[in-house]
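Asks: next one to model:
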Amino acid sequence: MFDLIANSADLLNVVKAIALAMLSILLAWGLFYGVIIIRDVLRIVKDLKEIVKETKEGVHLFKTKAESGAYLLKMLSQSVHKVADVVEEKMDKKKKAPAKNKNAKKKK
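Replies: I've put the predicted structure just below:
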């Protein structure tokens, strides 16, 4: 009734079936790990893209802040320069005005 192996051809077929089953299991295991590896690589690439995006945004923000800061420093510098010019003119006028008054007093 359970006489599976009657001759050498039957033995060969059983060995082929076992080998095919083992090959199928090995192939399925390899595919499973291949898919897991590809999934992990895609996650890493996604994370790297996110990091690059955040870095670009940070650089852009820094560049914008630096440009606006440089503009503000330029405006501040120009304002200080103008104030210094006005003060210098006032000082020159004060120096010239007393000299005229002293000359007027000497003439009297």
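Asks: and L4, helix, strand or coil?
Replies: coil (DSSP: H, G, I helix; E, B strand; the rest coil).
Asks: how many neighbouring residues does it have?
Replies: L4 is flanked by 8 other residues according to other CB atoms under 10 Å. Glycine gets a C-beta too; all of them are placed from N, C-alpha and C.
Asks: and for V35?
Replies: 10.
Asks: which phi and psi values does N7 adopt?
Replies: Note on N7: backbone dihedrals following degrees, to the nearest 10 are phi -150, psi -180.
Asks: what about it, distance to S68?
Replies: Distance from N7 to S68, counting by CB to CB, to the nearest Å: 91 Å.
Asks: the more surrounded of the two?
Replies: Neighbour count, other CB under 10 Å: between N7 and S68, S68 has more, with 10 against 7.
Asks: check what pLDDT that one gets.
Replies: The score at S68 is 82. That number is its pLDDT.
Asks: just say helix, strand or coil for it.
Replies: With three-state DSSP as the criterion, S68 reads helix.
Asks: who's in contact with it?
Replies: Residues near S68 by CB atoms under 8 Å, 6 or more residues apart in numbering: none.
Asks: distance of it from K46?
Replies: 33 Å.
Asks: hang on, I5 packs against L11?
Replies: Yes. Applying CB atoms under 8 Å as the test, I5 and L11 come out as touching, 5.1 Å apart.
Asks: shared neighbours, the two?
Replies: Counting by CB under 8 Å, 6+ apart, I5 and L11 have no common neighbour.
Asks: for Y71, which three-state class applies?
Replies: State at Y71, reduced to three classes by three-state DSSP: helix.
Asks: tell me the contacts of it?
Replies: Y71 neighbours (CB under 8 Å, 6+ apart): none.
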